[in-house]
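Enquirer: This is a predicted model, with the sequence first.
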Amino acid sequence: MTDHVAESHHDAHDSHDSPENIKKEMTRYIGVFLALAALTGLTVWVRFSLDLPEHQAIIVALIIATVKGSLVAAFFMHLLSEKKLIYSVLILTVVFFAVLMWLPVHDVLDKFGYK
(Lines give C-alpha, C1' and ligand atoms only; values in the text may rest on other atoms or scores of the structure.)
Protein backbone atom coordinates (compact mmCIF):
# COMPACT_ATOMS: atom_id res chain seq x y z
CA MET A 1 0.00 0.00 0.00
CA THR A 2 2.87 2.34 0.74
CA ASP A 3 4.26 1.76 -2.74
CA HIS A 4 0.92 2.74 -4.26
CA VAL A 5 0.87 6.00 -2.29
CA ALA A 6 4.46 6.71 -3.30
CA GLU A 7 3.67 5.95 -6.94
CA SER A 8 0.57 8.17 -7.00
CA HIS A 9 2.53 10.99 -5.36
CA HIS A 10 5.31 10.52 -7.90
CA ASP A 11 2.78 10.53 -10.78
CA ALA A 12 1.18 13.73 -9.50
CA HIS A 13 4.61 15.33 -9.27
CA ASP A 14 5.48 14.23 -12.81
CA SER A 15 2.28 15.73 -14.22
CA HIS A 16 3.10 18.96 -12.38
CA ASP A 17 6.42 19.13 -14.23
CA SER A 18 4.95 18.27 -17.63
CA PRO A 19 5.76 20.66 -20.49
CA GLU A 20 2.08 21.58 -20.82
CA ASN A 21 1.85 22.47 -17.14
CA ILE A 22 5.09 24.46 -17.24
CA LYS A 23 3.88 26.39 -20.30
CA LYS A 24 0.58 27.14 -18.54
CA GLU A 25 2.40 28.37 -15.43
CA MET A 26 4.78 30.52 -17.49
CA THR A 27 1.81 32.08 -19.31
CA ARG A 28 0.21 32.86 -15.96
CA TYR A 29 3.42 34.40 -14.58
CA ILE A 30 3.93 36.51 -17.70
CA GLY A 31 0.32 37.70 -17.43
CA VAL A 32 0.83 38.69 -13.79
CA PHE A 33 4.09 40.44 -14.71
CA LEU A 34 2.31 42.41 -17.45
CA ALA A 35 -0.48 43.32 -15.01
CA LEU A 36 2.11 44.55 -12.49
CA ALA A 37 3.86 46.60 -15.18
CA ALA A 38 0.53 48.09 -16.30
CA LEU A 39 -0.40 48.96 -12.72
CA THR A 40 3.00 50.60 -12.24
CA GLY A 41 2.37 52.64 -15.39
CA LEU A 42 -1.09 53.52 -14.05
CA THR A 43 0.47 54.75 -10.80
CA VAL A 44 2.85 57.03 -12.73
CA TRP A 45 0.03 58.22 -15.00
CA VAL A 46 -2.21 59.06 -12.02
CA ARG A 47 0.60 61.03 -10.39
CA PHE A 48 1.60 63.10 -13.41
CA SER A 49 -1.48 63.26 -15.63
CA LEU A 50 -4.35 63.71 -13.21
CA ASP A 51 -4.45 66.95 -11.33
CA LEU A 52 -5.29 65.41 -7.98
CA PRO A 53 -4.39 66.99 -4.66
CA GLU A 54 -1.41 65.26 -3.09
CA HIS A 55 -3.36 63.38 -0.44
CA GLN A 56 -5.80 61.99 -3.03
CA ALA A 57 -2.94 60.97 -5.32
CA ILE A 58 -1.33 59.12 -2.40
CA ILE A 59 -4.58 57.31 -1.62
CA VAL A 60 -4.98 56.23 -5.26
CA ALA A 61 -1.33 55.11 -5.38
CA LEU A 62 -1.81 53.07 -2.18
CA ILE A 63 -4.90 51.39 -3.62
CA ILE A 64 -2.98 50.46 -6.76
CA ALA A 65 -0.06 49.24 -4.62
CA THR A 66 -2.48 47.07 -2.62
CA VAL A 67 -3.72 45.46 -5.83
CA LYS A 68 -0.12 44.88 -6.95
CA GLY A 69 0.81 43.38 -3.58
CA SER A 70 -2.22 41.10 -3.75
CA LEU A 71 -1.15 39.87 -7.19
CA VAL A 72 2.36 39.14 -5.94
CA ALA A 73 1.07 37.32 -2.85
CA ALA A 74 -1.54 35.35 -4.74
CA PHE A 75 0.55 34.18 -7.69
CA PHE A 76 4.26 34.46 -6.93
CA MET A 77 3.92 33.41 -3.29
CA HIS A 78 1.31 30.77 -4.26
CA LEU A 79 -1.20 31.88 -1.63
CA LEU A 80 -4.10 30.99 -3.95
CA SER A 81 -3.34 27.32 -3.43
CA GLU A 82 -2.53 27.38 0.28
CA LYS A 83 -4.46 25.87 3.16
CA LYS A 84 -6.88 27.61 5.53
CA LEU A 85 -4.18 28.20 8.16
CA ILE A 86 -2.21 30.39 5.77
CA TYR A 87 -5.34 32.40 4.98
CA SER A 88 -6.08 32.78 8.68
CA VAL A 89 -2.58 34.09 9.38
CA LEU A 90 -2.82 36.41 6.38
CA ILE A 91 -6.19 37.82 7.50
CA LEU A 92 -4.88 38.31 11.03
CA THR A 93 -1.87 40.17 9.62
CA VAL A 94 -4.13 42.44 7.56
CA VAL A 95 -6.28 43.18 10.62
CA PHE A 96 -3.23 44.09 12.73
CA PHE A 97 -1.86 46.21 9.87
CA ALA A 98 -5.18 48.06 9.57
CA VAL A 99 -5.22 48.75 13.31
CA LEU A 100 -1.64 50.03 13.22
CA MET A 101 -2.51 52.33 10.29
CA TRP A 102 -5.68 53.53 12.01
CA LEU A 103 -3.99 54.50 15.29
CA PRO A 104 -1.93 57.46 13.97
CA VAL A 105 -4.85 58.69 11.86
CA HIS A 106 -7.12 58.55 14.91
CA ASP A 107 -4.52 60.41 16.96
CA VAL A 108 -4.20 63.21 14.38
CA LEU A 109 -7.96 63.54 14.03
CA ASP A 110 -8.33 63.63 17.80
CA LYS A 111 -5.59 66.27 18.06
CA PHE A 112 -7.45 68.57 15.66
CA GLY A 113 -10.82 68.00 17.30
CA TYR A 114 -12.45 65.74 14.72
CA LYS A 115 -14.70 63.11 16.20
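Expert: Sure thing, it's come through.
Enquirer: Which parts of this protein belong to which domain?
Expert: Per the record, the chain has its domains at 2-80, 82-115, by automatic domain parsing.
Enquirer: So which bits of stretch 32-47 are buried?
Expert: Neighbour-count burial for stretch 32-47, counted by 16 or more other Cβ atoms under 10 Å, picks out 32, 36, 43, 46. Every residue, glycine included, has its C-beta placed from N, CA and C.
Enquirer: For stretch 73-84, buried residues please.
Expert: residue 75.
Enquirer: ugh, typo on my part, it should be stretch 66-75
Expert: Buried-residue list, stretch 66-75, by 16+ other Cβ under 10 Å: 68, 71, 75.
Enquirer: ok so, going back, between the buried residues of stretch 32-47, which sits nearest residue 98?
Expert: residue 43 (21.7 Å; Cβ to Cβ).
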